[in-house]
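Just the structure for this:
(2 chains)
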Amino acid sequence: EAGVAQSPRYKIIEKRQSVAFWCNPISGHATLYWYQQILGQGPKLLIQFQNNGVVDDSQLPKDRFSAERLKGVDSTLKIQPAKLEDSAVYLCASSLAGFYGSGYTFGSGTRLTVV
Amino acid sequence: RKEVEQDPGPFNVPEGATVAFNCTYSNSASQSFFWYRQDCRKEPKLLMSVYSSGNEDGRFTAQLNRASQYISLLIRDSKLSDSATYLCAVLPPMDSSYKLIFGSGTRLLVRP
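Numbers count the residues shown, from 1 in each chain, chains lettered A, B, ... in the order given. Below you'll find the predicted structure:
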């Protein structure tokens, strides 16, 4: 089974620039998550999709972050404009809808450095 | 109080040692619990789920103490390859969105 695919692996941008990350979940996984992991911290949920609808975006800084999952498969997370504190690893994860006994699978992440 | 708290460590132990980590959670009605392992500059990977009755997978044992609201991970006969950060994750209660909340992780260093 193919895993969660993310690109790019690394990105370096200057503050106030924009950046976009892409995620392709495991086939058949209806639920997709974007997490932000700052160095030395645990992953923090930014947004959760169920198919192409947003379930939870309460911790997404909506003045600068946006995300979409138009056809219920791939997803894009965008930051515009970026700030220094956005430097982090952005992890995408997916799961079958309504899981209970299993955790979910992460992609390898995109490491963003804002200078 | 944070929803999920872990001792950041690092725990520095010799090979062959037994080491245990705890993770406390604030919401007593939380549903499910997991341990993830994260290697340096890698994504978290599911290590094991934590069941009410406790569960064991080789050298790893996970336990849940609902009364005291913590989960634990015990690693016996530590190997150099066990060096990593261990993240606990909790599924909040009464939540249809199934989003895991993670602790900050406990770093383990196993020395020769």
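
Run through the strands of chain B in chain order.
B:4-6, B:11-14, B:19-25, B:32-38, B:45-50, B:55-57, B:60-65, B:70-75, B:84-91, B:101-102, B:106-111 (DSSP state E).

Now do the shortest one, average pLDDT.
Translated: strand B:101-102. Mean pLDDT, computed over strand B:101-102, is 94.

cool, the third one as well?
Strand B:19-25 comes out with an average pLDDT of 96.

Now do the helix or strand containing A:Val89: everything it contacts.
According to DSSP states H and E, A:Val89 maps onto strand A:88-95. For strand A:88-95, contacts defined as C-beta atoms under 8 Å, 6 or more residues apart in numbering or on different chains pick out A:4, A:6, A:21, A:23, A:25-26, A:29, A:31-39, A:43, A:46, A:75, A:77, A:102-107, A:109-112, B:43-44, B:98. Heads up, the C-betas are built off the backbone N, CA and C, glycines and all.

picking that back up, got TSV for the strands of chain B, with distance to A:Gln50 and mean neighbour count too?
What follows is these, written out as TSV (distance: least, C-beta to C-beta, whole Å; neighbours: other C-beta atoms under 10 Å in any protein chain shown):
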stretch	distance to A:Gln50	mean neighbour count
strand B:4-6	23	21
strand B:11-14	38	14
strand B:19-25	24	20
strand B:32-38	18	23
strand B:45-50	21	18
strand B:55-57	29	12
strand B:60-65	27	18
strand B:70-75	27	20
strand B:84-91	15	24
strand B:101-102	18	22
strand B:106-111	31	18
